[in-house]
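> kindly generate the corresponding structure for this input.
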Amino acid sequence: MDGILSIQSWVSYGHVGNAAALFPLQRLGFEAWGVNTVQFSNHTGYGEWRGTVFEPAQIAELIEGMAARGALDRCRAVLTGYTGDPALGAVVLDTVARVRAANPGALWLCDPVMGDTDGGFYVRPGLPEFFRDRAVPLADIITPNQFELEFLTGRTIKDLPDALDAAAAARALGPKVVLLTSLVRPDAPPDHIELLVSTAEGAWRVTTPLLPISVNGAGDAVAALFLAHWLKTGGDPAATLSAAASAIYAVLKKTHAQGEREIQLVAAQDQLVSPDELFRAERVDGFERTDRRA
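Below is the predicted model:
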């Protein structure tokens, strides 16, 4: 019974953090072991919430208990998202090191949750630098949004060649795979959004309609879906991107149809496994070279 260890936030109402990641992992056939960094009543975007931010020592204690059961020895991958404090980051790094020591083939997908283009950074001071300088260089896969990728690389993304350059620069920091989860550029149709994956073997993008909704947790679900399909396909970038993008679009489409603010993972659960609409990945190698010569 190999499993995926997911260390991130939890909300009792709605779907963000582990509440957005664990169910897709399980629905796709994986054992998912959740360690919650916070326990909130709901997403903080509502403006009011209740709950607790757990101390790093508490998280370390949970990991120690799992290790005693032999779970770290059987961990196929570690998935991390929102990290409330740089001190907790040290616990995450130690956990990843222990998992890799027990299972050298284990992967770490790090979602460097820091902020977005609308509001800038929304994490505690020191966390952006922790991700850039310590976490990202050790991760196998990272899944930043556009704002986060720009911070990690010090680059501005205005078009597809910029995005390819930034993704390559992020890979140069250490990770083998970079998934840009939300590429919006002036030179693309305004009613569409793109996801872009960059590896040493090439780069691919998927374009889906941009739905008129604003929800939380979609990025957390995308990271889980990408990791699950990466493991299922044996690391096929195009197939993984297509499957993850198609699934999250189906979830968002259901969410929009039902007029909900929280992503409808349960209502769209069959779409997580077999989406009605399949958006195929398009290889985009050479765009930077072609466009730079023009």
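
> only C-alpha atoms from now on, for both contacts and neighbour counts.
Noted.

> contacting residues for the residue most central in space within the chain?
The centroid of the chain falls nearest to Ala223 when counting by Cα atoms, centre = their mean (2.9 Å). When contacts are counted by Cα atoms under 8 Å, 6 or more residues apart in numbering, Ala223 touches 21, 109, 111, 143.

> so what does the last one have for phi and psi?
I take that to be Thr143. Backbone torsions of Thr143, given as degrees, to the nearest 10, read phi -130, psi 60.

> so it sits against Ser182, correct?
No: between Thr143 and Ser182 no contact is recorded; they are 9.7 Å apart, counting by Cα atoms under 8 Å.

> who has more neighbours, those two?
Higher neighbour count among Thr143 and Ser182: Thr143, with 27 against 16, using other Cα atoms under 10 Å.

> mind listing what the more buried one touches?
Thr143 is in contact with 109-112, 178-181, 223, counting by Cα under 8 Å, 6+ apart.

> Pro112 now?
Residues in contact with Pro112 (Cα under 8 Å, 6+ apart) are 81-82, 131, 136, 142-144, 148.

> let's see that with 10 Å instead.
Pro112 is in contact with 80-83, 127-128, 130-132, 135-136, 142-145, 148-149, 152, counting by Cα atoms under 10 Å, 6 or more residues apart in numbering.

> returning to what we had before: could you work out the most separated pair of the contacts of Ala223?
With Cα to Cα as the measure, no two of these lie farther apart than Ala21 and Thr143, at 13.5 Å.

> joint contacts of the two?
Taking Cα under 10 Å, 6+ apart as the criterion, Ala21 and Thr143 both touch 81, 219-220, 222-223.

> and which of these is nearest Thr199?
Closest to Thr199, out of all of these and judged by Cα to Cα, is Ala223, at 16.1 Å.

> quick check: buried residues in the helix or strand containing that closest one?
Secondary structure assignment for Ala223, by DSSP states H and E: helix 218-233. Along helix 218-233, these residues count as buried under the neighbour rule (16 or more other Cα atoms under 10 Å): 218-231.
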